[in-house]
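[1] The sequence isn't on hand, but the structure is:
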């Protein structure tokens, strides 16, 4: 395909622990999106895709009605943590196929999302909370690459620090390595501050076709690469517990589609649901070699380089499942537009979004370019 | 777009009141699909889209794993009764955009689906079950067009009769007009036999690109027209209660895209969630004029013409929400392949699928051609 699909507008809510209704969370980021984009009219929107794990039904049409939109296409997309980037790829395909010109993708979640328990996987026995797979990942990774607890803690230190420059982030505090390694012990290998926190939040984005996008922005950011892979649904089917196969394939596919190499990526959001995931993601994407993720993070910290998870990642920003992939994409968009304020990476040309579900049994990678 | 997307394979389960797990229902129709299509290999499938209102998460990846598929794209799509056709349109767009060549769309529901209660719509007061909007539709339609209870009952008589030739149908009995009008009174204007019944069932379909489809079938059926419209989410926002605006727009769009007129349609599945809906759908699509739907149905009955809801529609076949739109599409595919056995319409060239949600607040229409 030689069509181009770009990001035309976006809006966010602050990530909180508020008890808001899912419809209100969805509407708030959509309102902010329209507020940020004066030329965009409700009448222009051909499709409304909602990304959430919430059990409420018909949210595509409900959001359309309360936002004053009468789209052609409206439905909800769910794939756990990876819902938001799945919805963005679906929006891309509606536009690239010619069925739509302007698509609103709105992700939202409540802090008590039902997507936090991995109910289907009986191979997990009673250990259905994500901290159990994260704990096994952490143990395997530490053993294989001889990484210490206080080194892993640097991921959390970095991301909480970065989040202080993100006005939408859940985290409102910096932490030291000692704070992390002496925070509440959840499992043998996992501390509370190694974990991203579920929260209430929303993020919305408008994708538009090349022909229409200039009506809405003079700084379009283009989706140049898309890679997706599902290897399984069950943690126990992973080939190793210290690497992420679906993320590796998704990154390779997305970079190939955009005709780029890992070294070309100037700024990236990676799915740090837990500390160890940031290192494994950097390695899966090809930013560093296997086992070298921690050296890379140390280098970033010592040079105050914000290129990995500039908004604070999931650990710093919070993790409202259905909104996460969209919030990641908004951050990279702002970076490529040089609009990321104090989080800004110097003059980035190429950005990458990495999102995944359930112990990296499925992953999506997007490559963005200005 | 000048790309072509076609239907390459399909598989069904019988519609029942069984208490099967949603994963088992999904897998059963997928197994039947692979059984029906000897050249199709799990490795060929680029995307797995699940259509359901079930609250279980990550079903796209779960179904992939249990069916032995490792797709690129996997997620769930929900839009109440209209989920299945939304998923088919999404599959079309993944293929037409070039992101996928072969997409599996699998719909399933249990008899106790949470999509049967319209929880979000407070304008309904306590009357959140679909029978309440259907009752108001029925009253409005009967009043406006002077249609009698015993005339409306003919829709149910026809569709239960047709269902007896559909081996997958829930209904196992024919009914007379008297059976219908003396069946249990649910509201002032609605009897039990005017209603489609929720049930447990699954339906799966493979869509493929023009370049690959001949590997799987020598009788591809092409999706030539697509129309979708959401007018609102709330019943009370309907402009009238005796016509279906979103269905009218969707049908007009789909027929225009395929360069056809309503009179060109040789066989169709329309969303008869309740008796009156079949008449309103025929009028919205343009098959008959407003208020003339009942005359059309009488003519079909008197001539044993099976062109409207040949599988028995929702009233005869049963209504497992997420599977319905896919089962409708399979019926029209079989009709166009002249494989519908005793339900076969004579030599049809053009088929139409009409699906909708929540009092026709949203609709999808597909036009299929051989």
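    Now that the structure is in, tell me what you want to look at. Remember, it's a predicted structure, so these values are computed and weren't measured experimentally.
[2] What ranges does chain A have for its helices?
    Taking DSSP state H as the test, the helices found in chain A are A:22-36, A:59-67, A:83-96, A:130-145, A:149-163, A:177-181, A:245-257, A:275-285, A:293-302, A:313-317, A:321-336.
[3] out of those helices, nearest to residue B:358?
    Ranking these by proximity to residue B:358 (CB to CB) places helix A:59-67 first, at 7.3 Å. In short, each C-beta sits where N, CA and C put it, glycine included.
[4] got the angle between the closest one and helix A:22-36?
    Orientation of helix A:59-67 against helix A:22-36 (axes from the mean of the first three to the mean of the last three CA atoms, to 10 degrees) gives an angle of 60 degrees.
[5] does helix A:59-67 come close to chain B?
    Yes - applying CB under 8 Å from any CB of the partner chain, one finds helix A:59-67 touching chain B at A:59, A:60, A:61, A:62, A:64, A:65.
[6] by how many degrees do that helix and helix B:245-257 diverge?
    110 degrees.
[7] hang on, the earlier thing: nearest to residue B:21, of the residues of helix A:59-67 next to chain B?
    The closest of those, once distances to residue B:21 are taken by CB to CB, is residue A:59, at 24.7 Å.
[8] residue contacts, the residue lying closest to the closest one once chain neighbours are set aside?
    Excluding the flanking residues, the one nearest residue A:59 by CB to CB, 6 or more residues apart in numbering or on different chains is residue A:50, at 4.4 Å. Taking CB atoms under 8 Å, 6 or more residues apart in numbering or on different chains, we find residue A:50 in contact with A:26, A:59-60, A:63, A:74-77, A:87, A:106-108, A:322.
[9] Separate out the buried members of these.
    Buried by 16 or more other CB atoms under 10 Å in any protein chain shown: A:26, A:59-60, A:63, A:74-77, A:87, A:106-108, A:322, out of the contacts of residue A:50.
[10] The residues you listed into JSON lines, with extra columns for pLDDT?
    Output for the buried ones among the contacts of residue A:50, formatted as JSON lines (pLDDT from 0 to 100):
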{"residue": "A:26", "pLDDT": "98"}
{"residue": "A:59", "pLDDT": "97"}
{"residue": "A:60", "pLDDT": "98"}
{"residue": "A:63", "pLDDT": "97"}
{"residue": "A:74", "pLDDT": "98"}
{"residue": "A:75", "pLDDT": "98"}
{"residue": "A:76", "pLDDT": "98"}
{"residue": "A:77", "pLDDT": "98"}
{"residue": "A:87", "pLDDT": "98"}
{"residue": "A:106", "pLDDT": "98"}
{"residue": "A:107", "pLDDT": "98"}
{"residue": "A:108", "pLDDT": "98"}
{"residue": "A:322", "pLDDT": "98"}
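[11] where does chain A dip in pLDDT?
    A:1-2, A:119-127 (pLDDT under 70).
[12] could you redo the last one with a cut-off of 90?
    Chain A contains residues with pLDDT under 90 at A:1-3, A:115-133, A:233-242, A:359.
[13] Now residue A:4. Nearest residue, chain neighbours left out?
    Distances taken as CB to CB, 6+ apart put residue A:210 closest to residue A:4, at 4.1 Å, once the chain neighbours are dropped.
[14] wait, isn't the one you found in contact with residue A:5?
    Yes - Residue A:210 sits in contact with residue A:5 when judged by CB atoms under 8 Å, with a separation of 7.4 Å.
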